[in-house]
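*Asks:* starting from these lines, generate the structure:
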Amino acid sequence: MIVAQFEFYAAGGKHPSLCQYLAMSTRYIVRDVEESLAFYVGLLGFREVEKWGSAFAIVELDGATLWLSGPESSAAKAMPDGRKPEPGGWNRIVVGSEDLEGLISTLRGAGVVFRNEPLSGPGGTQVLIEDPSGNPIELFQAR
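*Replies:* Take a look at the predicted model:
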């Protein structure tokens, strides 16, 4: 199946499964696609949708898709001025939870890096964690 998809794409066609995710997806540059899949699928409950070797994977949670682009992907290539896309920063995806305290406990037990302690505001409580590449994820529980 994957070989047929690559042949179709190489022949100038649009990749059929990627097209359905183009309306709105988030892309994270990651150091290691396998490590990132283990994190998002194993710890945060995402579903693996597609994987292209060590270069790229798509995961999904409640209809939201996240593209995980490894060092071999086109998204990780240097720009004309030499700048190279890297993981990290402050822009982030938000993952909702109905049991933030329980999720925090599970993630701490798994050794996940936390950027802060939970903070409460008028809409709910949030905490920032990092995926294995250092990309931020906000965990949020509404009031």
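*Asks:* hey, where'd the helices end up in the chain?
*Replies:* Counting by DSSP state H, the chain has helices at residues 2-10, 16-19, 33-42, 100-109.
*Asks:* nearest residue to Lys51 other than its sequence neighbours?
*Replies:* Closest residue to Lys51 apart from its sequence neighbours, by C-beta to C-beta, 6 or more residues apart in numbering: Ala57 at 4.3 Å. Placement of C-beta: from N, CA and C, glycine included.
*Asks:* does that neighbour touch Phe46 like I think?
*Replies:* No: counting by C-beta atoms under 8 Å, Ala57 stays clear of Phe46, with 10.0 Å between them.
*Asks:* what's the overlap in contacts for the two?
*Replies:* Contact criterion C-beta atoms under 8 Å, 6 or more residues apart in numbering; residues shared by Ala57 and Phe46: none found.
*Asks:* how near is the closest residue to Ser69 other than its chain neighbours to Ser105?
*Replies:* Excluding its sequence neighbours, the residue lying closest to Ser69 (C-beta to C-beta, 6+ apart) is Ala75, at 4.0 Å. Relative to Ser105, Ala75 is positioned 34 Å away (C-beta to C-beta, to the nearest Å).
*Asks:* those two: who's more crowded?
*Replies:* A direct count of neighbours by other C-beta atoms under 10 Å for Ala75 and Ser105 places Ala75 higher, at 15 against 11.
*Asks:* please enumerate the strands of the protein.
*Replies:* Shown for the chain, the strands assigned by DSSP state E span residues 25-29, 47-52, 56-61, 64-69, 93-96, 113-114, 119-120, 124-130, 136-142.
*Asks:* can I get the ones you listed in a markdown table with mean neighbour count?
*Replies:* Below are these laid out as a markdown table (neighbours: other C-beta atoms under 10 Å):
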| stretch | mean neighbour count |
| --- | --- |
| strand 25-29 | 18 |
| strand 47-52 | 15 |
| strand 56-61 | 20 |
| strand 64-69 | 22 |
| strand 93-96 | 14 |
| strand 113-114 | 14 |
| strand 119-120 | 10 |
| strand 124-130 | 18 |
| strand 136-142 | 17 |
